[in-house]
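K.L.:
Just a sequence and a predicted model for now, questions to come.
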Amino acid sequence: MNVEERYIADVDRLIPRPDIALDVLCLAQDSSSSVAELAKKIEQDPNMTANMLRMANSSYFGHMKEIASLQDIIVRLGLDMVKILAITSASAGILTSPQEAYDLEPRALWNHSHACSILAEIIARYAKLENHYTVYTAALLHDIGKVVLNKPLLAACAVRKTDKKFSSLLELERFMLQTDHARVGAALLAAWGLPDSITIPVARHHSAGGLKPNRLDVKIVSLANFLVESIGIRSLMPADFHFNVDEFLRQNQGSPEVSSFSANMASIMEEFFNRFSGTDMILA
Ligand SMILES: [Fe+2]
Ligand SMILES: [Fe+2]
């Protein structure tokens, strides 16, 4: 058993596997499954059903006509959107608790993760990447390892006092726990049966360079994480968000991963701020 497997070995009590959401992802992937089958699966979880309807009717989607049923969601918004709504709803339950070892108050990790997923999906679309849904999911779950490591990290820091200065959170995690939240998160998602297209961006969200072949999806998730951190979404109210597009472009001039969408950075950030500030009701 490697270090990551050890940390996720008895994680079930802490983070129950989101069975229904994962089944929904599988069913929506399978071209032979029907709309009725999919709706039946989602209805097994009344919370998820209510969440999905609330999200589908939010300003985020801007629909004029009310979406009244799951069938409506599936038919009018399409399968990719069903997958996004299902995994978002399941993740909201997992990511809202406080993570004391990381100084994250209730909802802070959720706000950060959800902001990342919206931004990553928009960038993926502008960069003409095919699988927006996968990038969205990876960005949504990129820090799930923090939920696994919160307690072990608290305990380790209490026992092992040190004056050592850590240049990053990852360095602290590796020193105390011999692994980090990116690796543990990816191991958990792999154990839940999620594919490489999701686990690799999660594993590499703090170290997107040097991958062969070059992976734009990994870079987008990593960039979305960095941008959301720099805007300060964890603690600010939407009205206080600021992002200086010119400054960003100046700093990233010539960076190959940014060149595919940099010309649209102003539109990307505008769409992001509009969509993100319209999603507060998801946890209502
Ligand atoms: Fe992270
Ligand atoms: Fe993050």
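P.N.:
Yes, it's here. Ligands and ions are numbered 1, 2, ... in the order given.

K.L.:
okay but V245 is in contact with M265, surely?
P.N.:
Yes - counting by Cβ atoms under 8 Å, M265 is a contact partner of V245 at 5.0 Å. C-beta here means a position set from N, CA and C on the backbone, and glycine is covered the same way.

K.L.:
Look at those two and report which has more neighbours.
P.N.:
Neighbours per residue (other Cβ atoms under 10 Å) separate V245 from M265, with M265 holding more: 19 against 14.

K.L.:
So that one versus R215, what's the distance?
P.N.:
Remark: distance between M265 and R215 (Cβ to Cβ, to the nearest Å) = 21 Å.

K.L.:
Check Q99 too.
P.N.:
Using Cβ to Cβ, Q99 is found at 28 Å from R215.

K.L.:
what's the answer for T179, then?
P.N.:
Here the distance between T179 and R215 works out to 22 Å (Cβ to Cβ).

K.L.:
do the same with H205
P.N.:
To R215, H205 is 12 Å away according to Cβ to Cβ.

K.L.:
which of the two has more neighbours?
P.N.:
Looking at H205 and R215 with other Cβ under 10 Å, you find the greater number of neighbours at H205, namely 28 against 17.

K.L.:
Which residue, neighbours along the chain excluded, lies closest to that one?
P.N.:
Leaving aside its chain neighbours, H205 sits nearest to H142 (4.6 Å; criterion: Cβ to Cβ, 6 or more residues apart in numbering).

K.L.:
which ones are touching that neighbour?
P.N.:
Applying Cβ atoms under 8 Å, 6 or more residues apart in numbering to H142 gives the contacts S113, C116, A182, G185, P201, V202, H205, V221, N225.

K.L.:
what pLDDT does the second one get?
P.N.:
With respect to pLDDT, C116 has a value of 94.

K.L.:
Checking my notes, it in a helix, right?
P.N.:
Yes - applying DSSP: H, G, I helix; E, B strand; the rest coil, one finds C116 inside a helix.

K.L.:
burial of it, as a residue count?
P.N.:
With other Cβ under 10 Å as criterion, C116 counts 28.

K.L.:
Name the residues of the one helix or strand N47 maps to that are buried.
P.N.:
Using DSSP states H and E, N47 maps to helix 46-56. Of the residues in helix 46-56, M48, T49, N51, M52, L53, R54, M55, A56 count as buried by neighbour count, 16 or more other Cβ atoms under 10 Å.

K.L.:
and the residue located most distally from the centre of the chain, helix, strand or coil?
P.N.:
What lies farthest from the middle of the chain is D163; by Cα atoms, centre = their mean that is 33.1 Å. Assigned with three-state DSSP, D163 falls in the coil class.

K.L.:
Look up phi and psi at it.
P.N.:
phi -90, psi 0 (degrees, to the nearest 10).

K.L.:
Listing request: residues of the stretch 51-200 of the chain with sub-threshold pLDDT.
P.N.:
For the stretch 51-200 of the chain, the stretches flagged by pLDDT under 70 are 59-64.

K.L.:
For the one residue in the stretch 1-150 of the chain that gets nearest to ligand 2, give me its contacts.
P.N.:
Residue nearest to ligand 2 within the stretch 1-150 of the chain: D143 (4.3 Å; Cβ to the ion). Residues near D143 by Cβ under 8 Å, 6+ apart: L95, L109, H112, S113, H181, G185, H205, N225.
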